[in-house]
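A.B. asks: Fold the following for me, if possible:
(one chain, ligands or ions: 1)
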Amino acid sequence: MTRSLAWKLTLAFLLVALTVALLVALFIRLFNANQLDRLVVEQQRSEFRALLVNYYQAVGSWEGIHSYLGPAAHGEAFPRPVDRRARREFFGLVDARGVVLIPLLPEYPIGARVAPEVLARGEPVEVDGRVVGTILTPQRRFDLSPEEAAFLARTNSALLIAGAGAVLIALVVGVWLARTLTQPLRALTQATHRMAGGELEQAVTVTSQDELGELAAAFNQMSREVARANNARRQMTADVAHELRTPLTVIAGYIEAMRDGDLAPTSERLSVIYAEIERLQHLVGELRTLTQADAGELKLNREATDPVELLQHTAALFEHQAAQKGVRLEWKAEAGLPFVQVDEARMAQVLRNLLSNALRYTPAGGVITLEAARSGNGVRLMVRDTGQGIQAEDLPLIFERFYRADKSRTEDGAESGLGLAIAKAIVEAHGGRLEAHSEGKGRGSLFVVDLA
Ligand code: ADP
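C.D. replies: As a prediction, this is how the structure comes out:
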């Protein structure tokens, strides 16, 4: 607890509040005391001056001023001031010639001469427009009257209450802020622990729009991605195991029977075994290509290639097969197409995959068209068929590994469900795009390869 973020935040708030309260208290105290001092001095000095002026006007000189203000003397012509509380001790008086009349001890005893610069700093006493003397103000501090002291005390207690209030508010705000900050962090930590424990799909509730909210959203996205990748990997492993099992079962069955003398190793039987081995080799080769494409390590031998030649070569490969199946195979190309920078062998593999699919899913009497056209700065290759087409719900999935729209064909052995995934990986490795279009079942399909 002592090292938790909430604790540190609360402590920091408390510290700031306390420091501010202390500084304010200190400042106000100093400021107030000084102000009061000044006020008291000014007030008493002006009273003192009024008294002096009155005296001078009445007497006509400073004669007897000392004894007048001094310890009580009787029989004076001028009425004594009512409150002369320590006034004499406060201020000194110098006459017009600069000689001290009322002393300001210890510097200025009676009869001493005062330097002109000290006089200049003093307060002149004027009677009828003439400076008749100067009041000297002592440097030391004055005592405050009971009312003034009470005022200071009140200020102090107000400051104390304000300080306590500030600390309380800091405590409440600190705890609240710490809670709102640490609660999502704690939720994130728990979710991370659960992820580490194997529950990959985690969703932390995003409560705020700030950086913590962003972190939670990013975490959720990461968790989804990790879970998706993990599922894909698991699915892939299961699919690969499944694909390997069929040919291996066939091979093992034949060889076991031959070893036990139940079957004679005829050339036909060995051919069946060999075909299954070829199928395995093909599958392993396809998986290798996909793995390389995933890792971005698919090596491309790019050369300037004539797209029309690419089409012709692929068409020629399938001519015989198409004729046998009763499917018409056509090709057409726009004139003056630019060459494309592609790995010819890989791109031929893409077209072979597309064309063999078209042939597989187009019944007798259908037509397959290979087309090349200009598209922006690049070239667009198309494989169109009039076959069974692809249902809308299958369209986004057919490029996934091992996906077959028609599950019943799974075991017939001719297709692996990797053909389109590989074609897409190769096209994308070239920086191009492969898309499928179909109007629906029975209405043919169109595969479009866009090359930059
Ligand atoms: P497969 O080896 O099963 O053909 P592909 O990845 O090549 O695997 O194709 C995936 C699925 O897409 C196929 O099982 C099929 O359902 C569908 N498909 C591909 N091409 C066509 C096409 N020309 N016409 C109809 N369906 C197609």
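
A.B. asks: can you give me phi and psi for the residue of the stretch 51-200 of the chain found nearest the ligand?
C.D. replies: Residue of the stretch 51-200 of the chain nearest the ligand, by CB to the nearest ligand atom: residue 200 (27.2 Å). C-betas here are computed from N, CA, C, even on glycine. For residue 200, the backbone dihedrals (degrees, to the nearest 10) come out as phi -70, psi -30.

A.B. asks: name the element the nearest residue to it once chain neighbours are set aside belongs to?
C.D. replies: In space, and not counting its chain neighbours, residue 200 is closest to residue 227: 4.0 Å by CB to CB, 6 or more residues apart in numbering. Counting by DSSP states H and E, the element that carries residue 227 is helix 211-259.

A.B. asks: Show me what that helix is packed up against.
C.D. replies: In terms of contacts (3 or more CB pairs under 8 Å, 6 or more residues apart in numbering; DSSP states H and E), helix 211-259 is packed against helix 146-196, helix 267-294.

A.B. asks: now it, how far from the chain's geometric center?
C.D. replies: 34 Å (CA atoms, centre = their mean, to the nearest Å).

A.B. asks: how about the strands of the chain, start to end?
C.D. replies: 92-95, 100-102, 123-127, 130-136, 302-305, 328-333, 340-343, 367-375, 378-385, 433-438, 445-451 (DSSP state E).

A.B. asks: ok, and what's touching the first one?
C.D. replies: Put plainly, it is strand 92-95. 52, 62, 65, 100-104, 108, 114, 119, 122, 125, 132-136, 138 (CB atoms under 8 Å, 6 or more residues apart in numbering).

A.B. asks: Drop the exposed ones from these and show what's left.
C.D. replies: In the contacts of strand 92-95, burial by neighbour count holds for 52, 62, 65, 100-104, 108, 114, 119, 122, 125, 132-136, counting by 16 or more other CB atoms under 10 Å.

A.B. asks: By mean pLDDT, point me to the weakest helix or strand of the chain.
C.D. replies: helix 87-90 (a mean of 56; mean pLDDT, DSSP states H and E).

A.B. asks: I'd like the strands of the chain as TSV, with mean pLDDT and distance to residue 160 appended.
C.D. replies: Shown next, in TSV, are the strands of the chain (pLDDT from 0 to 100; distance: least, CB to CB, whole Å):
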stretch	mean pLDDT	distance to residue 160
strand 92-95	88	40
strand 100-102	87	43
strand 123-127	90	38
strand 130-136	89	39
strand 302-305	95	82
strand 328-333	94	94
strand 340-343	96	82
strand 367-375	95	82
strand 378-385	95	80
strand 433-438	95	75
strand 445-451	96	78
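
A.B. asks: ok and the residue in the stretch 201-350 of the chain nearest the ligand?
C.D. replies: For the stretch 201-350 of the chain, CB to the nearest ligand atom, closest residue to the ligand: residue 286, 9.5 Å.

A.B. asks: mind listing what the nearest residue to that residue once chain neighbours are set aside touches?
C.D. replies: Distance criterion CB to CB, 6+ apart; nearest residue to residue 286, sequence neighbours excluded, is residue 418 at 4.7 Å. Shown in contact with residue 418 (CB under 8 Å, 6+ apart): 283, 286, 287, 290, 401, 402.

A.B. asks: Of all pairs in these, which one spans the longest distance?
C.D. replies: The distance between the two most remote of the contacts of residue 418 (CB to CB) is 11.7 Å, for 283 and 401.

A.B. asks: between these two, which one's more packed in?
C.D. replies: Neighbour tally, residue 283 and residue 401, criterion other CB atoms under 10 Å: the higher count belongs to residue 401, 19 against 16.
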